[in-house]
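> pasting the sequence and the predicted model now:
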Amino acid sequence: MPPTRLLIDARGDGWVSTDDGLARVSGDTLAVTPLHGANGVGIRSYWTNAAAVTSQGELVFGGVGGFTVVRPEDAQLGPTGAGAGAAPVSPAPIFVSTSEGLFLPAGSALEPVRRSLQATFSLLDYAAPDRARYAYRLQGLEQAWSDSSPDSRTARYTNLPAGDYVLQVKAVDHAGKWVEATWPVHVERAWHETAPAYAAFAMATVLLAALLVRMRTRMLERRAAELGVIVASRTEELQERTRQLEASHEAIRDLGAHNARALEEERKRVARELHDELGQQLAALNLEVGVMGARSNAGSVLPPQDWSELRSRVGRLTASMRRLVADLRPVALDAGVDAALEWLAAEFTRNTGVPCRLGVDLGGGCLDADSAIVVFRVAQESLNNVRRHAQARQVRMSLELVGDHWQLTVSDDGKGFDPTRRHAGYGLLGMEERAGLVGGSLEISSHPGAGTTVRLTLTGQPSPEALPAS
């Protein structure tokens, strides 16, 4: 029979198993030395492919009834199978192989980058290979056994965690005896899985957390400082607005009191003029009419001079009445705001001798009654201030439609004043209040020695509150 398996030992000699036993073939001379029956070898029939080389260089041959171990260095054979005077036959062993070779009893170590294990196992018993059954498990990873058929004798594991395991394999031979073998497996820890690495990670985490806390604290401190500045600024602004509001309320109260006094004074003036001038003239007129009536009844003819004096007295009464009515409300307002401003400019020039140039451009528009009164009163108060304080040589006054709003401007070349200082009079405050009632705004532009400009802008609808008639 031809050889069924050839193994090469460490010295280069070949070992073959045949149906007649074992034989050694010299690598130098090709001399064949049969080992049948030598040194107590009791197995005469070996099975195909039932041979393996261990990591120590021992040759293992399996056959009917057991297996034979050959140590080439001394050409001695180990325990034998059944035969006359032979040692007891050892059970068929289980061999496990991987891509790196045969497993050692000491086990195998997997590097950190290699976490996969694939092992193929085989029972060196070919008496009845179809009856062999296998089971395996990786102790330390799983508890249950996994069954494997004779055709698929492979255990596969991937992504194994670092640690120590034991690969357990058990098989049953043709006689029904179970054989078990174990191989330790050690998976090396990666550098980031070591205790120093864990300590470094923990320290880095603590440092990072401390850094984040510090950064967050600094950010909160900066934010708190910014909020403090904002709060201080808002508080100061609120206090300033509160002071302005209180000053405005006080000014409004003063203005109300001033208006009440002014109204009372105006009433006194009107009553005094009515009594002193109109009343006296009416009394004198009544007396003269009575005298003239008595003389007429007596048949006397009245001279033309008496009638002339009577007409003069009636004329003076009419002029006084008209002047009094004009002081209360100019009749020119009934003819429109442009006519009222022309009358106001003419009266200013006639009374002061200072020329007042007027320019009116209504642009086809028309002011409502309330706005017209505000325009007239602001212009009147502005001219009164010029007459009392400005010492101006000329005055310019204009009313025009700019875009969608009206603008009244009164400017002079007088001595001017500082608008930021509070003045004892109530003229400016009264003009501001009038402008606010019709949704407008008043702007005072002045500087000592540079004249004064008063600009009234009406942009909104009049306030629903009733406007003063004078």
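Sure thing, it's come through.
> the helices in the stretch 351-470 of the chain, which residues?
369-385, 427-437 (DSSP state H, counting those that start in this stretch).
> out of those helices, the one nearest Asp413 is which?
helix 369-385 (14.0 Å; CB to CB). (Each C-beta comes from the backbone N, C-alpha and C, glycine too.)
> would you mind listing the buried residues in the closest one?
Neighbour-count burial for helix 369-385, counted by 16 or more other CB atoms under 10 Å, picks out 370-383, 385.
> would you mind pulling up the elements that that helix packs against?
Under the contact criterion of 3 or more CB pairs under 8 Å, 6 or more residues apart in numbering; DSSP states H and E, helix 369-385 touches helix 337-352, strand 395-402, strand 405-412, helix 427-437, strand 440-446, strand 452-458.
> in the fourth one, what's buried?
This means helix 427-437. Residues Gly427, Leu428, Leu429, Gly430, Met431, Glu432, Glu433, Arg434, Ala435, Leu437 are the ones in helix 427-437 that count as buried (16+ other CB under 10 Å).
> hmm, back to that, of all the helices and strands packed on helix 369-385, which one is nearest Arg323?
Across the helices and strands packed on helix 369-385, Arg323 has its closest neighbour in helix 337-352 (10.9 Å, CB to CB).
> how about JSON lines for the buried residues of helix 427-437, with distance to Ala162 added?
Shown next, in JSON lines, are the buried residues of helix 427-437 (distance: CB to CB, whole Å):
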{"residue": "Gly427", "distance to Ala162": "95"}
{"residue": "Leu428", "distance to Ala162": "90"}
{"residue": "Leu429", "distance to Ala162": "89"}
{"residue": "Gly430", "distance to Ala162": "93"}
{"residue": "Met431", "distance to Ala162": "91"}
{"residue": "Glu432", "distance to Ala162": "86"}
{"residue": "Glu433", "distance to Ala162": "88"}
{"residue": "Arg434", "distance to Ala162": "91"}
{"residue": "Ala435", "distance to Ala162": "87"}
{"residue": "Leu437", "distance to Ala162": "88"}
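> reformat these as TSV; add distance to Val360 and pLDDT.
Supplementary listing: the buried residues of helix 427-437 in TSV, determined by distance: CB to CB, whole Å; pLDDT from 0 to 100:
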residue	distance to Val360	pLDDT
Gly427	23	69
Leu428	24	74
Leu429	27	73
Gly430	23	75
Met431	19	79
Glu432	23	80
Glu433	25	77
Arg434	20	77
Ala435	19	79
Leu437	23	76
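> from Ala31, how far off is Val354?
To Ala31, Val354 is 151 Å away according to CB to CB, to the nearest Å.
> leaving out chain neighbours, which residue sits closest to Gly363?
Spatial nearest neighbour of Gly363, excluding adjacent residues (CB to CB, 6 or more residues apart in numbering): Leu401 at 3.8 Å.
> closest one to Asp334 among the helices of the stretch 351-470 of the chain?
Nearest to Asp334, of the helices of the stretch 351-470 of the chain and by CB to CB, is helix 369-385 at 10.1 Å.
> show the pLDDT at Trp145.
Trp145 is assigned a predicted lDDT (pLDDT) of 92.
> kindly report the same for the one 5 residues further on.
Reading off the per-residue confidence, Pro150 sits at a pLDDT of 75.
> quick one: it and Ala132, what's the gap?
Applying CB to CB to Pro150 and Ala132 gives a distance of 5 Å.
> also Arg387?
According to CB to CB, Arg387 and Ala132 sit 132 Å apart.
> out of the two, which sits in the more crowded spot?
Between Arg387 and Ala132, counted using other CB atoms under 10 Å, Ala132 has the larger neighbour count: 20 against 16.
> what helices or strands is the host helix or strand of Thr242 leaning on?
Using DSSP states H and E, Thr242 sits within helix 195-273. Counting contacts by 3+ CB pairs under 8 Å, 6+ apart, helix 195-273 is packed against helix 304-328, helix 427-437.
> export those to a markdown table and tack on distance to Leu285?
Compiled in a markdown table, the helices and strands packed on helix 195-273 are given as follows (distance: least, CB to CB, whole Å):
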| stretch | distance to Leu285 |
| --- | --- |
| helix 304-328 | 5 |
| helix 427-437 | 39 |
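> the ones you listed: lowest mean pLDDT?
Mean pLDDT per stretch puts helix 304-328 lowest among the helices and strands packed on helix 195-273, at a mean of 70.
> which non-adjacent residue is nearest His405?
That would be Thr459: by CB to CB, 6+ apart, it lies 4.3 Å from His405.
> the one you found is in contact with Val438, isn't it?
No - if you go by CB atoms under 8 Å, Thr459 and Val438 don't touch, sitting 9.5 Å apart.
> of these two, who's got more company?
Ranked by neighbour count (other CB under 10 Å), Thr459 and Val438 place Val438 first, with 24 against 13.
> distance of that one from Ala224?
Distance from Val438 to Ala224, by CB to CB: 47 Å.
> for the stretch 151-300 of the chain, which spans come out with low pLDDT?
174, 254-280, 283-284, 286-288, 290-291, 293-300 (pLDDT under 70).
> so who does Ala346 touch?
Cys356 (CB atoms under 8 Å, 6 or more residues apart in numbering).
> mind pulling up the pLDDT for it?
pLDDT, Ala346: 88.
> how close does Lys415 sit to Gly449?
Remark: distance between Lys415 and Gly449 (CB to CB) = 6 Å.
> oh sorry, the question was meant for Ser55
116 Å.
> ok, back up a step: for Glu246, which of the helices and strands packed on helix 369-385 is the nearest?
Among those, the nearest to Glu246 by CB to CB is helix 427-437 (14.8 Å).
> just checking, what packs against that closest one?
Using 3+ CB pairs under 8 Å, 6+ apart, the elements in contact with helix 427-437 are helix 195-273, helix 369-385, strand 440-446, strand 452-458.
> could the C-alpha coordinates of that helix be exported in PDB?
Taking Å, rounded to 0.1, in the frame of the first residue of the first chain, the C-alpha atoms of helix 427-437 are listed here in PDB:
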ATOM      1  CA  GLY A 427     -43.900 130.600  27.300                       C
ATOM      2  CA  LEU A 428     -41.800 127.800  26.000                       C
ATOM      3  CA  LEU A 429     -43.500 125.200  28.200                       C
ATOM      4  CA  GLY A 430     -46.900 126.500  27.000                       C
ATOM      5  CA  MET A 431     -45.900 126.100  23.400                       C
ATOM      6  CA  GLU A 432     -44.600 122.500  24.000                       C
ATOM      7  CA  GLU A 433     -47.900 121.600  25.600                       C
ATOM      8  CA  ARG A 434     -49.900 123.100  22.800                       C
ATOM      9  CA  ALA A 435     -47.800 121.100  20.200                       C
ATOM     10  CA  GLY A 436     -48.300 117.900  22.200                       C
ATOM     11  CA  LEU A 437     -52.100 118.300  22.100                       C
END
